[in-house]
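Colleague: need coordinates for the following:
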Amino acid sequence: MRGVIEEESTMISLDLARRVSEVAPKWVPVPGDRFVIAREGLLDDVFMVAEMVVEVGHVAGHGLVRFNGTTEWTLDSIAQDDVVWIPREDQLRALLGDTFQSLTRVRDRWVVTLEEAVPGGGGPESRHGAPDPETAYARAVLWLLGGPGFDAGRA
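Modeller: Predicted coordinates:
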């Protein structure tokens, strides 16, 4: 079902989402998840998994909230392989598991600090920075799981 992402919400780039998808466990969609259809002409539209569509409208100058079971649209369904999952901050943090230590603001950047997982535990910290928290988390996930460009964005 189609959803709207508010402008003040941060979201990782489509390229970064694709790279995270390459290294993360297979995505199992749940309500609230965001995705993009990987087809020309639809790449700028962000969709959200939802069990029910709620639309806000106006009738005779009054606000109205409509509850709909489905939305009529040309595309009734699409293979999951044809969409790109755009993980949220909490989902990215969960992928970091016990290696996650902190998210801190350092001047105009957000920095995710991880305790490196090494045999026997411990190890030095690694830091991954970006202009917004979700991108910092995504860069840390790529580094931790060894994805393409794993060292991009280290703080």
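Colleague: helices of the protein, start to end?
Modeller: With DSSP state H, the ranges of helices along the chain come out as 14-23, 89-96, 133-145.
Colleague: so which of those is nearest Trp110?
Modeller: Closest to Trp110 of the helices of the chain, according to Cβ to Cβ: helix 133-145, at 4.5 Å. Placement of C-beta: from N, CA and C, glycine included.
Colleague: show me the protein divided up by domain.
Modeller: In the assignment given by the TED database, the structural domains of the chain cover 25-86, 87-154.
Colleague: turn these into JSON lines, including mean neighbour count, mean pLDDT and distance to Ser13.
Modeller: Written out in JSON lines, the entries for the domains of the chain read as follows (neighbours: other Cβ atoms under 10 Å; pLDDT from 0 to 100; distance: least, Cβ to Cβ, whole Å):
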{"stretch": "domain 25-86", "mean neighbour count": "11", "mean pLDDT": "84", "distance to Ser13": "9"}
{"stretch": "domain 87-154", "mean neighbour count": "17", "mean pLDDT": "85", "distance to Ser13": "7"}
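Colleague: now the ones you listed as CSV including distance to Arg19?
Modeller: Rendered in CSV, the data for these read as follows (distance: least, Cβ to Cβ, whole Å):
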stretch, distance to Arg19
domain 25-86, 10
domain 87-154, 5
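Colleague: for those, which one sits closest to Ile12?
Modeller: domain 87-154 (4.7 Å).
Colleague: quick one on the thing from earlier: with distance to Leu42 added, can I get the helices of the chain in TSV?
Modeller: As requested, the helices of the chain are arranged in TSV below (distance: least, Cβ to Cβ, whole Å):
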stretch	distance to Leu42
helix 14-23	11
helix 89-96	22
helix 133-145	21
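Colleague: and of those helices, who's closest to Val65?
Modeller: Closest of these to Val65 is helix 89-96, at 26.3 Å (criterion: Cβ to Cβ).
Colleague: residues contacting the closest one, please?
Modeller: Here helix 89-96 makes contact (Cβ atoms under 8 Å, 6 or more residues apart in numbering) with 10, 12, 20, 24-25, 33, 87, 100, 103, 112, 114, 133-134, 137-138, 140-141, 144-145.
Colleague: who touches the residue nearest in space to the middle of the chain in this structure?
Modeller: Per Cα atoms, centre = their mean, the C-alpha nearest to the average position across the chain is that of Pro87, at 2.1 Å. Counting by Cβ under 8 Å, 6+ apart, Pro87 makes contact with Ile12, Ala17, Val20, Ala24, Leu95, Glu134, Ala138.
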